[in-house]
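Novice: with the sequence up front, the predicted model follows.
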Amino acid sequence: MKNRRNNSKKGKSSSFSKLSIFQPNKYKFKKSCPLSIKNAPKVDYKNVKLLKRFISENGKILPSRITNVSQKKQRELSLSIKRARNLALI
């Protein structure tokens, strides 16, 4: 009985055994920050049209993993959104 099981496993190779979640992804592309590119608009609390792009329907600030904004620009963005809220621009 044991020989039959071992022989059947040797002949078949599963495609799942070849794939691993721990292997590095070869097809990774670099995300670029929409606020760091050339001719990008300046982040300012008075630019309400720009700030509304980075706010959800409920008025919460969207995370950078969704908007692809760099950490430096995300800090500027959150500070300017909070200032616009205090001044009732948003």
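Specialist: The structure has been received and is ready for your questions.
Novice: looking at this protein, which helix is longest?
Specialist: Longest helix in the chain, counting residues (DSSP state H): helix 71-86.
Novice: buried residues in that helix?
Specialist: For helix 71-86, a neighbour-count test (16 or more other CB atoms under 10 Å) marks 73-74, 76-77, 80-81, 84 as buried. C-betas here are computed from N, CA, C, even on glycine.
Novice: go on, stretch 42-61?
Specialist: If you call a residue buried by 16+ other CB under 10 Å, then stretch 42-61 has these buried ones: 43, 45, 50-51, 54-55, 61.
Novice: how about the buried residues of helix 71-86 in a markdown table, adding pLDDT?
Specialist: Rendered in a markdown table, the data for the buried residues of helix 71-86 read as follows (pLDDT from 0 to 100):
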| residue | pLDDT |
| --- | --- |
| Lys73 | 94 |
| Gln74 | 95 |
| Glu76 | 95 |
| Leu77 | 95 |
| Ser80 | 96 |
| Ile81 | 96 |
| Ala84 | 96 |
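Novice: and of these, the nearest to Ile37?
Specialist: Top of the list for closeness to Ile37, among those and by CB to CB, is Lys73 at 10.7 Å.
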